[in-house]
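K.L.:
I'll drop the sequence and a predicted model, then ask my questions.
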Amino acid sequence: MTLPILFPALLLLALLLYAEKRESIPWKLASKPLLSALFILTACLQPWTTPSFAGWMLAGLMLSWVGDLFLIFFNSRKLFLAGLVSFLLGHVCYAVCFYTYGFLNGWVAAGLAVLLAVGTVIFLWLRPHLGDMTAPVIGYIVVISAMVGGALAVFINPEWAIEGRNAVLAGAVMFYISDIMVARDQFVASAYINRIVGLPLYYAAQFLFASAIGLL
């Protein structure tokens, strides 16, 4: 991630956090789509040494951009669901990519077992608040858990450079935590702390994923 992208990204993130504090849709529209477009630009500027890996990652990033646009209108249940589906499809793209280029062994199986346990705890925490969103949330937890497991498979693949493997795994974990904050905000307790923690983690994750294209 170069300085010409990092500097405007940080400015736009600050503006987005301000918009979230003010709950201003116009300021969100002025900041969030542009900020998310920067992680797509970052992916496009990387050397595509493994074109199919890059293609799947770019598809996930583009679907995330769509999801970000829907989630600007956070108070609309229909648009939130549309955003959820967009991110779910994005995680499918990431997962396909990671399992294709990862290394499957007992460590991955153990990681998936831990993710299953963590996902179950998160679901039990959310369940009293979900209502008719129960099925979509279960599906999302399953898919993002599979994505993180795939990132672990990439991390333990010795064929890839360690910088790229670190970027993929760190990005996946940050994405997972940021989505917990989104779920807390949507279903449990809407508060600015959810966004001030979740948004920086989310964007760090996406920029790490975009940068990984040129590191593996």
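P.N.:
Looks like it came in fine.
K.L.:
State the distance from L169 to G60.
P.N.:
As for L169, its distance to G60 is 16 Å (criterion: CB to CB, to the nearest Å). Yep, even glycine has a C-beta here, placed from its N, CA and C like the rest.
K.L.:
repeat for G83
P.N.:
G83 is 14 Å from G60, by CB to CB.
K.L.:
again, but for A170
P.N.:
16 Å.
K.L.:
who's more crowded, L169 and G60?
P.N.:
Ranked by neighbour count (other CB atoms under 10 Å), L169 and G60 place G60 first, with 25 against 21.
K.L.:
ok, residues contacting the helix or strand that contains that one?
P.N.:
Element membership for G60, per DSSP states H and E: helix 51-71. Contact with helix 51-71 is made by 32-33, 36-37, 39-40, 43-44, 46, 48, 79-80, 82-84, 86-87, 89-91, 93-94, 96-97, 100-101, 182, 206, 209-210, 212-213, 216, as judged by CB atoms under 8 Å, 6 or more residues apart in numbering.
K.L.:
So for it, what gets flagged as buried?
P.N.:
53-54, 56-71 (16 or more other CB atoms under 10 Å).
K.L.:
what do you get for stretch 43-53?
P.N.:
43, 46, 50, 53.
K.L.:
Looking at those residues, which one is closest to D132?
P.N.:
A43 (35.1 Å; CB to CB).
K.L.:
Pretty sure the closest one sits against A210.
P.N.:
Yes: counting by CB atoms under 8 Å, A210 is a contact partner of A43 at 3.9 Å.
K.L.:
what's the spacing between the residue of the chain positioned farthest from its centre and A113?
P.N.:
Residue farthest from the centre of the chain, counting by CA atoms, centre = their mean, is G106 at 25.3 Å. Distance of G106 to A113, computed by CB to CB: 10 Å.
K.L.:
Same question for H129.
P.N.:
26 Å.
K.L.:
can you give me the mean pLDDT across the helix or strand that contains I141?
P.N.:
Using DSSP H and E, I141 falls within helix 134-155. For helix 134-155, mean pLDDT rounds to 96.
K.L.:
pull the CA atoms of that helix into PDB?
P.N.:
Only the C-alpha atoms of helix 134-155 are listed here, as PDB (Å, rounded to 0.1, in the frame of the first residue of the first chain):
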ATOM      1  CA  THR A 134     -31.700 -15.900  12.300                       C
ATOM      2  CA  ALA A 135     -31.200 -18.000   9.100                       C
ATOM      3  CA  PRO A 136     -29.200 -15.300   7.300                       C
ATOM      4  CA  VAL A 137     -27.000 -14.700  10.300                       C
ATOM      5  CA  ILE A 138     -26.300 -18.500  10.700                       C
ATOM      6  CA  GLY A 139     -25.400 -18.700   7.000                       C
ATOM      7  CA  TYR A 140     -23.100 -15.700   7.400                       C
ATOM      8  CA  ILE A 141     -21.300 -17.100  10.400                       C
ATOM      9  CA  VAL A 142     -20.700 -20.400   8.600                       C
ATOM     10  CA  VAL A 143     -19.300 -18.700   5.500                       C
ATOM     11  CA  ILE A 144     -17.000 -16.200   7.300                       C
ATOM     12  CA  SER A 145     -15.800 -19.000   9.600                       C
ATOM     13  CA  ALA A 146     -14.900 -21.000   6.500                       C
ATOM     14  CA  MET A 147     -13.200 -18.000   5.000                       C
ATOM     15  CA  VAL A 148     -11.000 -17.600   8.100                       C
ATOM     16  CA  GLY A 149     -10.200 -21.300   8.000                       C
ATOM     17  CA  GLY A 150      -9.100 -20.900   4.400                       C
ATOM     18  CA  ALA A 151      -6.900 -18.000   5.400                       C
ATOM     19  CA  LEU A 152      -5.200 -20.400   7.900                       C
ATOM     20  CA  ALA A 153      -4.700 -22.900   5.000                       C
ATOM     21  CA  VAL A 154      -2.900 -20.200   3.000                       C
ATOM     22  CA  PHE A 155      -0.900 -19.200   6.100                       C
END
